[in-house]
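>>> Sequence and predicted structure below; questions after.
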2 protein chains.
Amino acid sequence: MQEPTLLLLTALADEPRHGYALMQEVVEISNGRVRLRTGTLYGALERLQREGMVRVEREEVVDGRARKVYALAEPGVTALAEETARLRAVATEAERRLALRPGLKGATA
Amino acid sequence: MQEPTLLLLTALADEPRHGYALMQEVVEISNGRVRLRTGTLYGALERLQREGMVRVEREEVVDGRARKVYALAEPGVTALAEETARLRAVATEAERRLALRPGLKGATA
DNA sequence: CTACATATATCGGTGACCGGCATATGTCTG
DNA sequence: CAGACATATGCCGGTCACCGATATATGTAG
């Protein structure tokens, strides 16, 4: 799973949101680092629906603009929980190994 | 950065290793989940060298077999440290949001 | 001598993501 | 009213990391 997908699922984790709101939410979650393009967003949303991770909760019309509200399906909840556990484990191992490095650029001497 | 690359950098984080050893190390780090193909390994190694993340530490011949020993370069150390920090932050946020979910499938009632 | 572990490397295909474009409505400013 | 901008969704072509297969070569086990 790549970062854009991970951030998308995270943005849907607490409550259902529509596409444009997801783009803004991802910017916040990533501290402005990641700005999803619409191509990535709707492409990923379609793919995640095919995979059963995400479903369309409902369709609204607000101010004459059509909206699709997306929600995490159960497999999406499970997948996100497993992915975060995996990432945390790898991050911990990476940091452990980095601390084990011999040459710390002049330090420890 | 994708998971194969992250695992590769992690496998190099504590000390230099040659290609085949990296494949085995990645299997261990990922608890057998990820098995790097040689195409992925040597392709990624070349790319990471181009990007200045990894360098060839030395070349050996052991038992008549040639080896290239790769090491993390400074930019690679920095990149790995930043990546793990980012991933940890996203993982924490994802778990916070998952805990916030209203419908916990019959629980909490 | 056959099979397998060690060890490196190349090549073609797939698919996620990016960048750009298209479309449409509401609001704000001049 | 015109133009710019935020809101909102969607398609299409290109790139590039990764996968799967193949090739090469040596040492060891059966």
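The structure has been received and is ready for your questions. Numbers count the residues shown, from 1 in each chain, chains lettered A, B, ... in the order given.
>>> CA only for contacts and neighbour counts going forward, please
OK.
>>> low-scoring stretches of chain A, by residue?
A:103-109 (pLDDT under 70).
>>> The biggest helix by length in it near chain B at all?
Longest helix in chain A by number of residues (criterion: DSSP state H): helix A:74-100. Yes - contact of helix A:74-100 with chain B (Cα under 8 Å from any Cα of the partner chain) involves A:77, A:80-81, A:84-85, A:87-88, A:90-95, A:97-100.
>>> Show the buried residues in those residues.
Buried members of those, counted by 16 or more other Cα atoms under 10 Å in any protein chain shown: A:77, A:80-81, A:84-85, A:87-88, A:90-95, A:97-98.
>>> Near DNA strand D, which residues of chain A are found?
A:18-21, A:38-40, A:42-43, A:62, A:65-69 (Cα under 7 Å from any atom of the strand).
>>> What residues of stretch A:26-34 count as buried?
Buried, per 16+ other Cα under 10 Å, within stretch A:26-34: A:26, A:27, A:29, A:30, A:34.
>>> The longest helix of chain A relative to helix B:74-100, how many degrees between them?
With axes from the mean of the first three to the mean of the last three Cα atoms, to 10 degrees defining the directions, helix A:74-100 sits at 140 degrees from helix B:74-100.
>>> how far is helix A:74-100 from where the chain is centred?
Relative to the chain's own centre, helix A:74-100 is displaced by 14 Å; criterion: Cα atoms, centre = their mean, to the nearest Å.
>>> Point out the other elements, helices or strands, that it touches.
Helix A:74-100 sits against helix A:3-12, helix B:3-12, helix B:74-100, with contacts defined as 3 or more Cα pairs under 8 Å, 6 or more residues apart in numbering or on different chains; DSSP states H and E.
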